[in-house]
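S.K.: Have a look at this prediction, sequence included:
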Amino acid sequence: MMVGVSTPAGRLESRDFEPIIGEDEHSWGLSHTGHIFHNGKKHLYCPPFQENVPTVVGVLFDGRTDGRTGGGDGRTDGGDGRTGGGGGTLTFFKDGVCLGLAFSDINPGRRELYPMVSSTAAKTSMRVQNMRRGHHNLRDRCRDVILRSICRPADAEEVLKRLPLSLRRYVSQQAWKIGRHKRCERDKFSA
């Protein structure tokens, strides 16, 4: 199985079970083997996924540019296959854990990008889900960080009373999220 992103020019189908995401300059992908692919080249990125074990793979594309510039070959100085530059980044997650930056400068021409999933083996099953989280401003980002830090509703009052009134009201609008962060779920079982 592979996941990643592609421009409209990327190939969408194959008659064989082959890695089509990342086979050319139009797509970037991660394989269950732990390799990342782009422009027909593969590089080891993470340990392979276990076979026959359900795995949640997350794909984060950040289209903001940061002004960095990459080398002429599109690779970082480390030679690890991760491209350099400031045209957007692609990061993968496995079971909620960030695997690190896979690609940067992936969209310097500001082309439309689409998520892709591809089966590279017979009898593979997958479920595609969509989650988008965008922070429109610093206030949204602060609210999210505050809510993730509160695991028990009983602790909310103590945290909220330390906030300025306007921020307290804003955070309270999303109070239903208290205790729903993965860290909170882990803490329940380790206590």
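M.R.: Done, it's in.

S.K.: counting contacts, what elements does the regular element (helix or strand) spanning Phe93 pack onto?
M.R.: Following DSSP states H and E, one finds Phe93 within strand 89-94. Packing partners of strand 89-94 (3 or more Cβ pairs under 8 Å, 6 or more residues apart in numbering; DSSP states H and E): strand 2-6, strand 57-62, strand 97-104. Backbone N, C-alpha and C define where each C-beta goes, glycine included.

S.K.: And for Gly10, the neighbour number?
M.R.: Residue neighbour count, defined by other Cβ atoms under 10 Å, stands at 21 for Gly10.

S.K.: ok, now how distant is it from Asp140?
M.R.: Relative to Asp140, Gly10 is positioned 32 Å away (criterion: Cβ to Cβ, to the nearest Å).

S.K.: Let's verify Asp144: helix, strand, or coil?
M.R.: Look at Asp144: counting by DSSP: H, G, I helix; E, B strand; the rest coil, its state is helix.

S.K.: and the helices and strands packed on strand 89-94 as a markdown table, adding distance to His32?
M.R.: Rendered in a markdown table, the data for these read as follows (distance: least, Cβ to Cβ, whole Å):
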| stretch | distance to His32 |
| --- | --- |
| strand 2-6 | 7 |
| strand 57-62 | 9 |
| strand 97-104 | 13 |
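
S.K.: Can you name the residues in contact with the strand holding Phe93?
M.R.: 3-5, 28, 30, 36, 45-46, 49, 55-62, 98-104, 106 (Cβ atoms under 8 Å, 6 or more residues apart in numbering).

S.K.: Pull up the pairing partners for it, direction included.
M.R.: For strand 89-94, the paired strands and their directions (DSSP bridges) read strand 57-62 (antiparallel), strand 97-104 (antiparallel).

S.K.: what's the model's confidence in the last one, averaged?
M.R.: For strand 97-104, mean pLDDT rounds to 90.

S.K.: Near Leu147, how many residues? Count them for me, please.
M.R.: Taking other Cβ under 10 Å as the criterion, the count of residues near Leu147 is 20.

S.K.: now do the one 10 residues further on
M.R.: Neighbour count of Glu157, defined by other Cβ under 10 Å: 9.
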